[in-house]
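[1] Return a 3D structure for these sequence lines:
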Amino acid sequence: MTTSRPSEGRGLGVVGRRIVQYALDQLLVAVPLVLLATLVVLLFRPAGLAALVPFLTVVAFTVLVLDFAGLWFFAIWWPHRHHGQTPAMRWLRLRVVTLEGEQPPLRAFVIRTVLMLVDGFAWGLAGAGLMLCTPRRQRMGDLVAGTVVVKVARAHETGPESADEAALPRPDGHLGAVARPELALGRGEVRFDR
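    Alright, predicted model coming up:
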């Protein structure tokens, strides 16, 4: 059994990865939309200034609606269908699991996403602060949904039979690779911080 580097169990490693993951997921949605909006403005811009303002208003509103839909797609549907991982989570080897180490249901992803309104308060400082204060590095959305974001072990770290198993945090906060995640956190150990 191998363990992850000590810095990843102390909070800043895991919290830092989650912040980078969130920014990358945001960019995956925003960059294509900005490029599309720029292309639409360049190709279809009206001739007069009087028509330009309503045109730009419609383009901006459309981009905001598509951005909202895209973010919900990447935060809810994508991880639900892809083993608890957004594209950025996959790149950074992170995964959302239940406290028992299982794939979360769709409602857990909905709860996590809705509570991003709370976690995103003060430019995300509320969520980051809460992650640093909880033993399992959970933000409010994770606490309410009963989920935790864990580091996924690489194939050469755990052996071929458990290449994709999540490394669940131990009570001391260290992320150690485990072959069977349900053994790392049994139902008797599950409790919310008060």
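[2] Arg136 should be in a helix, yeah?
    No. Under DSSP: H, G, I helix; E, B strand; the rest coil, Arg136 falls outside any helix and is assigned coil.
[3] from what I can see it touches Val148, true?
    Yes. Contact between Arg136 and Val148 holds when scored by Cβ atoms under 8 Å: they sit 4.9 Å apart. The C-beta positions use only the backbone N, C-alpha and C, and glycine is treated the same way.
[4] Count the residues that sit near Met131.
    A total of 22 residues lie near Met131 under the criterion other Cβ atoms under 10 Å.
[5] in what helix or strand does the most centrally placed residue in the chain lie?
    Here the mean C-alpha position of the chain is nearest to the C-alpha of Tyr22 (Cα atoms, centre = their mean), at a distance of 5.7 Å. In this assignment (DSSP states H and E), Tyr22 forms part of helix 12-44.
[6] Buried residues, that helix. List them.
    By 16 or more other Cβ atoms under 10 Å, the buried positions in helix 12-44 come out as 13-15, 17-18, 21-22, 25, 28-29, 37.
[7] what element comes up after that helix heading to the C-terminus?
    Next in sequence after helix 12-44, counting helices and strands by DSSP H and E, comes helix 49-72.
[8] Which other helices and strands does whichever helix or strand comes after that following helix contact?
    As assigned by DSSP H and E, the chain's next helix or strand after helix 49-72 is helix 78-81. Packing partners of helix 78-81 (3 or more Cβ pairs under 8 Å, 6 or more residues apart in numbering; DSSP states H and E): helix 106-114.
[9] what's the closest non-adjacent residue to Pro87?
    Leu28 (6.1 Å; Cβ to Cβ, 6 or more residues apart in numbering).
[10] Low-confidence ranges, this protein, go.
    For the chain, the stretches with pLDDT under 70 are 1-12, 155-194.
[11] contacting residues around the residue located most distally from the centre of the chain?
    Most distant from the centre of the chain: Gly48, at 43.7 Å, with distances by Cα atoms, centre = their mean. The contact partners of Gly48, by Cβ atoms under 8 Å, 6 or more residues apart in numbering, come to none.
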